[in-house]
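Participant: can you look at this prediction? I've put the sequence above it.
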2 protein chains.
Amino acid sequence: MSRLFRRLASTIVVKPSPSKAHHHRTLPASSFPTGYLLTGIHVGVKKNAELLDVGLIVSTSDHPAAAAACFTRNAFKAAPVVVSDQIITQNGGRARAVVVNSGCANAVTGRQGLEDAWAMVKETDALLPPSASTDEHHTLVMSTGVIGQTLPIAKITAGIRSQAAADTLGSDFAAWERAAKAFMTTDTFPKLRSRVFSINGTEYRMAGMDKGAGMIHPDMGPATTSLHATLLGCILTDAAVSPRSLQTALTYAVDRSFNSISVDGDMSTNDTVLVLANGAAAKAKDGKVVEIDEDTDKEAYEIFKTELTQFAVELAQLVVRDGEGATKFVTVNVKGAPTYQDAHRIASRVSTSALVKTALYGEDANWGRVLAATGSVSFPTLDPSKVSVTFIPSDNTTPLPVLVNGEPEVIDEVRAKEILSLEDFGIEVDLGGIGNEEATYWTCDFSYEYVRINGDYRS
Amino acid sequence: MSRLFRRLASTIVVKPSPSKAHHHRTLPASSFPTGYLLTGIHVGVKKNAELLDVGLIVSTSDHPAAAAACFTRNAFKAAPVVVSDQIITQNGGRARAVVVNSGCANAVTGRQGLEDAWAMVKETDALLPPSASTDEHHTLVMSTGVIGQTLPIAKITAGIRSQAAADTLGSDFAAWERAAKAFMTTDTFPKLRSRVFSINGTEYRMAGMDKGAGMIHPDMGPATTSLHATLLGCILTDAAVSPRSLQTALTYAVDRSFNSISVDGDMSTNDTVLVLANGAAAKAKDGKVVEIDEDTDKEAYEIFKTELTQFAVELAQLVVRDGEGATKFVTVNVKGAPTYQDAHRIASRVSTSALVKTALYGEDANWGRVLAATGSVSFPTLDPSKVSVTFIPSDNTTPLPVLVNGEPEVIDEVRAKEILSLEDFGIEVDLGGIGNEEATYWTCDFSYEYVRINGDYRS
């Protein structure tokens, strides 16, 4: 009995969280988009000198890169969010560089925070080759780490400035990997992926990095319409896409990827996902690059939107796999809902329930907690007598129904344990055909290590 | 750095959760309402034979007791919730007994669950002296424990039946304590309180018991208008109150007590708070008991409502103090809001944030997480530059402002640690006068023991 547990010795054995390093991959240089230079350096935001804390990404394409972003909807937007939002809007959806720091979020830092974010932008602007519009800012800025502390800005600007001479920016795998490492906070591996795709016979590339691993429950909207997680992501492509269509595609992709993951249900002040499309691989027509646009070439746009969405899902899942203290990767699928939003709301609640997540950690088939979470969502048309819940193993063995039309099954506990002991598995909640819409959410378990990591994050 | 933590040995030392037993009190028999008989027995729902799992409460007053209830708003209402709701409605707000079992929630148990709940009602009805309306049901039923398992109903009904002969029902402290113990699941002490109050010169008494300790984030509404938490509470008084006014007073009291506490942010299928008012201490006029009613005697009603609310707060706070794995008791006060509901929504979000709660456990002054939680509530008129956050020590020493009008203070970490190391303290979030309403929430921290208790609750 749980009550007896409390009387036990004051040490407990923690299942060691399996290393996530095997999710880090070496990628072929040919899979990276052309026209980008990157690096990651250590300037001293983080104490440990082995850890990179500033990343730089520069588009070298003559074609001014289209830029789109989704930002946190938290009312307390961090300074870098406010500044990047402003720059994208002022430049009509164009940008040429990205600067990121990890270790300090520059959030809730008042006036000083805004000054510091602008200082990072200007210092990075100075690295760019002189352009026609020198008075414009071309750099988007992102920060992640502790909230409420100001940046060691002098160290950061000096670090950025030194790169002009140091000439460490590169386009090979090592350069992309350095940039990805500069995003990391409690992440245990750099999250870097790439893909090659073609539209109308032209081959393009897309690569990107992101980071978690706590305060992950994003709800991001497009620039200037922003509401919530700390998740940072940056996707770079050498396709040419109009700023407006790049934003439409990103908003769609983020809803079905970064806005459908949860580590701890907390929403950050810094969440930002950026996309740059520099058109470096686009064929010029009469010396002019033609940008893909949803109005002028719907078909090409749909292909790009699908590629971007699939890539965003791949990056988003890496964040859940590396969730703080996570030992499980669980796919929550809610089907039979009247609308995508209804299905998404329920999937979100199940994915964030502390009782569901601790049961997942304990490999305990306590499916009643899935039901309690589902029922806690205010939902007038929900009929408990039509709801079914099934555990879906990831090894293609037979799924295990635990609730069918509101009636509990006699559970084969041995079989349940088999499924729950897998690192990957799924929970399907079928609302019983009160609609045909469905939503998928990705979550992880809630472990002793989560408490350990977050009980004293700042030290 | 947190990342290094992961490479440490796989055992961690848990701060032993301080014993909560000192919150259990012996109460004078004179403080218990007259006209009630109670007991608690072990019938075998719980494995451990030392633990009581069935409680019985009977009103012996000639005056038919008024009954009011607030039930969970979870869509998956447990069978006992459905049955009690139905009985209160059918009887026009009257009841004469309460039966409760712990160890099994009889939730999501389909048709069998309803049959079992009715069986508990009928068996307890049979204990009552024959009345004018023998075909009516007089007993309200409550269950708490694991979801999705059916009750060992034969053991329960046999146990109830045996009480008729055994004659173990009593009115002394021991009897009240036995009943309180029968409510317990992961609770570490029986939660029993009493108070004496007077209205218009007549002295009345109020006593009650409740239980937590996980899946605690109630949102309860009056009968038949029910939406979410497992919290069970039962309040008994010998005042005479009309059923309608008893419900109005209880709904008001529950919103400001049980609906303002959170242990883990999960909502149960079973939450129920009942009140019986048997009028045993009411003076009869012309041989007839006059019930207090908001229309006929507003003044008397307001006194009763205030007493009931204060008592409900006292019982609700005991649940948070004994929250699963809790080592802290934290009062979250949100002020300067346009409406009580706005203040309540923000207080609720701060009180349920996993990051805030793990920081509380780590005694880490990570107030930025308080802000992130506050800002994650969709709230158009919230102005970050007006928000202030203050840590309030419970020992009447000087409060510590950590954020003033959106600007972070330079925190005296030593002082912050002093406050956070207290078992009791407060967090005040001042929205900066966009309104004058405020709400108070009571929460606890998120510890290793919470994960331990819930990682394998069913074993």
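Facilitator: Nice, thanks for sending it over. Here the structure is a predicted model, which is why all the values come from computation and not from measurement.
Participant: which residue ranges form the helices in chain A?
Facilitator: With DSSP state H as the criterion, chain A has helices at A:2-5, A:79-90, A:110-125, A:153-166, A:173-181, A:243-255, A:298-321, A:340-352, A:354-361, A:368-375, A:413-420, A:448-455.
Participant: now mean pLDDT and distance to B:Arg369 too, for those helices, in a markdown table please.
Facilitator: Heads up, the C-betas are built off the backbone N, CA and C, glycines and all. Putting the helices of chain A into a markdown table (pLDDT from 0 to 100; distance: least, CB to CB, whole Å) gives the following:
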| stretch | mean pLDDT | distance to B:Arg369 |
| --- | --- | --- |
| helix A:2-5 | 34 | 28 |
| helix A:79-90 | 95 | 17 |
| helix A:110-125 | 95 | 17 |
| helix A:153-166 | 91 | 23 |
| helix A:173-181 | 97 | 25 |
| helix A:243-255 | 95 | 24 |
| helix A:298-321 | 95 | 19 |
| helix A:340-352 | 90 | 16 |
| helix A:354-361 | 84 | 16 |
| helix A:368-375 | 83 | 23 |
| helix A:413-420 | 89 | 30 |
| helix A:448-455 | 73 | 9 |
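Participant: I'd like those helices laid out as a markdown table, including mean neighbour count.
Facilitator: Below are these laid out as a markdown table (neighbours: other CB atoms under 10 Å in any protein chain shown):
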| stretch | mean neighbour count |
| --- | --- |
| helix A:2-5 | 15 |
| helix A:79-90 | 22 |
| helix A:110-125 | 20 |
| helix A:153-166 | 16 |
| helix A:173-181 | 22 |
| helix A:243-255 | 23 |
| helix A:298-321 | 20 |
| helix A:340-352 | 22 |
| helix A:354-361 | 27 |
| helix A:368-375 | 28 |
| helix A:413-420 | 15 |
| helix A:448-455 | 26 |
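Participant: could I get those as a markdown table with distance to B:Gln112?
Facilitator: A markdown table is the format used below for the helices of chain A (distance: least, CB to CB, whole Å):
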| stretch | distance to B:Gln112 |
| --- | --- |
| helix A:2-5 | 26 |
| helix A:79-90 | 53 |
| helix A:110-125 | 59 |
| helix A:153-166 | 65 |
| helix A:173-181 | 55 |
| helix A:243-255 | 41 |
| helix A:298-321 | 38 |
| helix A:340-352 | 25 |
| helix A:354-361 | 23 |
| helix A:368-375 | 15 |
| helix A:413-420 | 19 |
| helix A:448-455 | 37 |
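Participant: A:Asp424 against A:Ile392, yeah?
Facilitator: No - the pair A:Asp424 / A:Ile392 is not scored as a contact, 9.8 Å apart, by CB atoms under 8 Å.
Participant: overlap in contacts, these two.
Facilitator: The contact sets of A:Asp424 and A:Ile392 overlap at A:Thr331 (CB atoms under 8 Å, 6 or more residues apart in numbering or on different chains).
Participant: pick out the residue of the stretch 1-150 of chain A closest to chain B.
Facilitator: Nearest residue of the stretch 1-150 of chain A to chain B: A:Ile147, at 2.6 Å (CB to the nearest CB).
Participant: my bad, should have said the stretch 251-400 of chain A
Facilitator: Of all residues in the stretch 251-400 of chain A, A:Gly368 sits closest to chain B, at 2.6 Å by CB to the nearest CB.
Participant: tell me the residues of the stretch 51-200 of chain A that contact chain B?
Facilitator: A:51, A:73-77, A:105, A:107-111, A:146-149, A:184-188 (CB under 8 Å from any CB of the partner chain).
Participant: at 7 Å instead, please
Facilitator: Within the stretch 51-200 of chain A, the positions near chain B by CB under 7 Å from any CB of the partner chain are A:Asn74, A:Ala75, A:Phe76, A:Ala107, A:Val108, A:Thr109, A:Gly110, A:Val146, A:Ile147, A:Gly148, A:Thr186, A:Thr188.
Participant: quick check: the two most widely separated of those?
Facilitator: Based on CB to CB, the longest span within these runs between A:Gly110 and A:Thr188 and measures 32.6 Å.
Participant: give the contact list for the residue of the stretch 251-400 of chain A closest to chain B.
Facilitator: B:Ala107, B:Val108, B:Val146, B:Ile147, B:Gly148 (CB atoms under 7 Å, 6 or more residues apart in numbering or on different chains).
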